[in-house]
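>>> quick one, fold the following:
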Amino acid sequence: MYKKFILICCFLLLPVMVFSQIQKRNSQKTNTTDSSTRNDRTKPSVVSDSVATIDMYKIISIERDTTYVDTSLTIKDEYAKNYLRKDIFGLLPFNNIGQTYNTLDYGITEYDPFPEFGFKAKQFAYMEVEDIKYYNVATPFTDLFYRSVLEQGQILDASITANVSKNLNLAIAYKGLRSIGKYINSISSNGNFRFITSYNTTDRRYKLKLHITAQDFSNEENGGIVNKENFESGEDPYTERARLEVYFNDATSLLKGNRYFIDHTFRLSKDNPNSIVLHHRFNYENKFFEYTQLTPSNRLGDVFTESVHDKVRHNKMYNMLGAAYSNETIGDFEFYIEDYNYNYYYNSLVLDENGEIEIPNSINDRINTYGARYSYQKNNWKGSLLVSNAITDQSLANIDASVRYKFNDKNKVALRYQNMNKLPDLNFRLFQSDYKSYNWSNDFKNEKINNFEVAADTKWITASAQYTVLNDHLYFYNEALNTNPEEIEVLQVKPSQYQNTINYLSFKVNKEFKFWKLGLDNTVLYQQVDQSENILNVPDFVTRNTLYYSDYFFKKALYIQTGFTFQYFTSYYANDYNPLLGEFFIQEKTKIGDFPLMDFFINAKIKQFRMFLKAEHFNSGFTGYDFYSAPNQPYRDFTIRFGVIWDFFT
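From the prediction side, this is the model:
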């Protein structure tokens, strides 16, 4: 291990000798939540040796919010050096890269009023429509991200984008992962391909955004360790994690999906900007979830067949047609209709003893809605209001209102209210398996969600509060415990609907202190749940604290950032993971938490080249082996990982 550490350090320091004589030019990030404004405090910097400045390399969301390419090295950048490439505060990863995450912060949960596929534990890395970014760049831009994993394998995320003409941009990207992992039967092998294009006519009357994605997430599923006492002993030979017995030795899950997406608008008037704009959005997506297991396990109950091969398919087609009126004084009004058509199906039927159909093989439906959207953006105000309702028989409805006021570049406040009548996810309604107890057909009521959010981002502190009221909440639970509460080894997980009200309240605060060349970044989350039963379970406190040092070296050719990160959450009845369902389920037998997670990191930047080295959970050997991501799923042991991010402007 120490030889490997020395070799990695040499690898990271080698580029310093290459670049130390090159004059450094800073490329700082300029953020804006508006599509038409930018941070005037940041002076555009030159990239490469061209005349292009960093604000000429735009990244645009589907909602037309704009940021610029970021080649800076900040503490926020440190938090995003992971497989998801975003800050995962509030998510607790499983032991191997590319596996699922347990949710510590319920406030990050997003809802959609339409019935979704389900299998939520498999979709943390699945890129939705909102996750795809569009580009407008002065010269071709390439982003390369590499990071080592656990045991054999690597993460590689590569993208290249270029403006073929002033009005047409093309981008192509692929993220691949393979990691063997430390435990038996825990290999992750994931792939994510994106083709992205955006276009507008010279007069900007017609605008187009289009993308195609192909994503697959394959995981060997071991179901967790059998004997937790061996793991917690910290003694040989069990410190070699492959020596620990696991529940499943040959189970594999696979989620795969393809999407074809188009969003385009056309302004009727050629010269008048206050004109009617026609808007069409199309989304066709197909997915399937597959679970295979050559040797059935008693842990999941009796089976119909000698081996398990479950597969469910889902496809949907979404069309939205709207007409908007834009006025510089009063804002934008859009009226639209939606057509949502889906099919969720198996290739089998489940019959009862009399040969009658007990469990059907499919659910399909067409949902039509109408809605209106108002948005306003002027001076320091930005607001929006969306109202939609079903035309067809389904009682689907959604109200989403938000407003933001910006005092200046350093101080702004925002409010949001959401009221949703959500149709149940499809795997709650219908599921089939070769395991006998995992077959059901249900008719659940809609979930009702009321959500209030307030956030303040100031030069003194960043804080947010959220209050959510849940009615008819859907969840999974272990039915086997109802018949034999002491038999925790058997999993007969079923869906259920909570008939009472759940009240969720959270406060999150972030504050960074800086002195000399030192920084201390602190994020604290407090959560409280009011419910008559333990249905929505979260830790009371979650904290992350990072102490770091940063400075320039070699005549400012090299920028170094190094420090320690401390993470902690209070103990609670964490949800357990069922790989057959690709879902988490509630449990009240085992608490996890109340253990520290400490990381040491070194980050370095030379021009647009960034390197990072991290000793993850280095305290695992001396603070006790009681760290878990779920009741039978250990968190990661101490490991050293490294990687690079390299941006090219050509």
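
>>> name the spans of the protein whose pLDDT lies under the cut-off.
For the chain, the stretches with pLDDT under 70 are 1-51, 482-488.

>>> the longest strand in it is where?
strand 308-327 (DSSP state E).

>>> what are the buried residues along that strand?
308, 310, 312-320, 322, 324, 326 (16 or more other CB atoms under 10 Å). For the C-beta atoms, the positions are set from N, CA and C on the backbone; glycine is no exception.

>>> same deal with stretch 525-543?
Neighbour-count burial for stretch 525-543 flags Leu525, Gln527, Val529, Gln531, Ile535, Leu536, Asn537, Val538, Pro539, Val542 (criterion: 16+ other CB under 10 Å).

>>> stretch 469-480 now?
For stretch 469-480, the neighbour count (16+ other CB under 10 Å) marks Leu470, Asn471, Asp472, His473, Leu474, Tyr475, Phe476, Tyr477, Asn478, Glu479, Ala480 as buried.

>>> out of those residues, flag the one nearest to Ile60.
Nearest to Ile60 out of the buried residues of stretch 469-480 is Leu470 (CB to CB; 33.9 Å).

>>> just checking, what packs against the helix or strand hosting that closest one?
Counting by DSSP states H and E, the secondary-structure element that holds Leu470 is strand 462-471. Secondary-structure packing of strand 462-471 (3 or more CB pairs under 8 Å, 6 or more residues apart in numbering; DSSP states H and E): strand 447-457, strand 501-515.

>>> winner for burial among those?
For these, average neighbour numbers computed from mean count of other CB atoms under 10 Å are highest in strand 447-457, which has a mean of 17.

>>> circling back to that earlier point, make TSV from the helices and strands packed on strand 462-471 and add distance to Gln99 to it.
As requested, the helices and strands packed on strand 462-471 are exported to TSV (distance: least, CB to CB, whole Å):
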stretch	distance to Gln99
strand 447-457	27
strand 501-515	26
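
>>> if we can go back for a sec, any chance of the buried residues of stretch 525-543 in CSV, with secondary structure and distance to Arg204 too?
Shown next, in CSV, are those (DSSP: H, G, I helix; E, B strand; the rest coil; distance: CB to CB, whole Å):
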residue, secondary structure, distance to Arg204
Leu525, strand, 43
Gln527, strand, 45
Val529, strand, 48
Gln531, coil, 51
Ile535, coil, 50
Leu536, coil, 46
Asn537, coil, 50
Val538, coil, 46
Pro539, coil, 49
Val542, strand, 45
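
>>> re the thing from before, quick one: contacts of the strand holding Leu470?
106-107, 447-456, 498, 501-511, 536 (CB atoms under 8 Å, 6 or more residues apart in numbering).

>>> okay, the angle between it and strand 447-457?
Relative orientation of strand 462-471 versus strand 447-457 (axes from the mean of the first three to the mean of the last three CA atoms, to 10 degrees): 170 degrees.

>>> and strand 462-471, what's buried?
Ala463, Ser464, Ala465, Gln466, Thr468, Leu470, Asn471.

>>> repeat for stretch 247-256
Buried residues in stretch 247-256 (16+ other CB under 10 Å): Tyr247, Phe248, Ala251, Thr252, Ser253, Leu254, Leu255, Lys256.

>>> in CSV: these, plus distance to Arg416 and secondary structure.
What follows is the buried residues of stretch 247-256, written out as CSV (distance: CB to CB, whole Å; DSSP: H, G, I helix; E, B strand; the rest coil):
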residue, distance to Arg416, secondary structure
Tyr247, 42, coil
Phe248, 42, coil
Ala251, 41, strand
Thr252, 40, strand
Ser253, 35, strand
Leu254, 36, strand
Leu255, 30, strand
Lys256, 34, strand
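
>>> show me which pair in those is furthest apart.
Spatially, the most separated pair among these is Tyr247 and Lys256, at 24.6 Å (CB to CB).

>>> chain neighbours aside, what residue packs nearest to Ile276?
Nearest residue to Ile276, sequence neighbours excluded (CB to CB, 6 or more residues apart in numbering): Leu268, at 4.8 Å.

>>> which residues does the one you found contact?
The contact partners of Leu268, by CB under 8 Å, 6+ apart, come to Ser275, Ile276, Val277, Leu278.

>>> so which of those residues is the most crowded?
Val277 (19 neighbours; other CB atoms under 10 Å).

>>> of all the helices and strands packed on strand 462-471, which lies closest to Ile75?
strand 501-515 (7.1 Å).

>>> what's that closest one packed up against?
Identification of packing neighbours for strand 501-515 by 3+ CB pairs under 8 Å, 6+ apart yields strand 462-471, strand 518-530.

>>> in the stretch 51-200 of the chain, which spans are helices?
75-79 (DSSP state H, counting those that start in this stretch).

>>> please enumerate the strands of it.
For the stretch 51-200 of the chain, the strands defined by DSSP state E, counting those that start in this stretch cover 57-60, 66-68, 91-93, 101-103, 134-137, 141-148, 153-163, 168-179, 188-200.

>>> which one of those strands lies nearest to Glu220?
Glu220 lies closest, by CB to CB, to one member of those: strand 188-200, at 7.7 Å.

>>> picking that back up, could the strands of the stretch 51-200 of the chain go into CSV alongside mean neighbour count and distance to Trp381?
Output for those, formatted as CSV (neighbours: other CB atoms under 10 Å; distance: least, CB to CB, whole Å):
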stretch, mean neighbour count, distance to Trp381
strand 57-60, 19, 22
strand 66-68, 20, 18
strand 91-93, 20, 33
strand 101-103, 20, 34
strand 134-137, 20, 26
strand 141-148, 18, 33
strand 153-163, 18, 32
strand 168-179, 18, 30
strand 188-200, 19, 26
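
>>> want to try JSON lines for those, with distance to Gln567 as columns?
Putting those into JSON lines (distance: least, CB to CB, whole Å) gives the following:
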{"stretch": "strand 57-60", "distance to Gln567": "29"}
{"stretch": "strand 66-68", "distance to Gln567": "27"}
{"stretch": "strand 91-93", "distance to Gln567": "9"}
{"stretch": "strand 101-103", "distance to Gln567": "13"}
{"stretch": "strand 134-137", "distance to Gln567": "34"}
{"stretch": "strand 141-148", "distance to Gln567": "19"}
{"stretch": "strand 153-163", "distance to Gln567": "21"}
{"stretch": "strand 168-179", "distance to Gln567": "21"}
{"stretch": "strand 188-200", "distance to Gln567": "22"}
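
>>> I'd like to know which of these is closest to Asn427.
strand 101-103 (17.6 Å).

>>> identify the residues contacting the most centrally placed residue in the chain.
The chain has Phe124 as the residue nearest its centroid, 4.6 Å off, counting by CA atoms, centre = their mean. Phe124 makes contacts with Leu84, Leu91, Thr100, Tyr101, as judged by CB under 8 Å, 6+ apart.

>>> just list the residues touching Gly593, thanks.
Gly593 is in contact with Pro539, Phe569, Thr570, Ser571, Tyr572, Ala574, counting by CB under 8 Å, 6+ apart.

>>> check the contact between the first one and Leu104; I expect there is one.
Yes: if you go by CB atoms under 8 Å, Pro539 and Leu104 touch, sitting 5.8 Å apart.

>>> next, the closest residue to Phe444 other than its chain neighbours: phi, psi?
Of all residues not flanking Phe444 in the chain, Pro424 sits nearest, at 4.6 Å (CB to CB, 6+ apart). Main-chain dihedrals, Pro424, degrees, to the nearest 10: phi -60, psi 150.

>>> what about Trp516, how many neighbours?
The burial count for Trp516: 7, using other CB under 10 Å.
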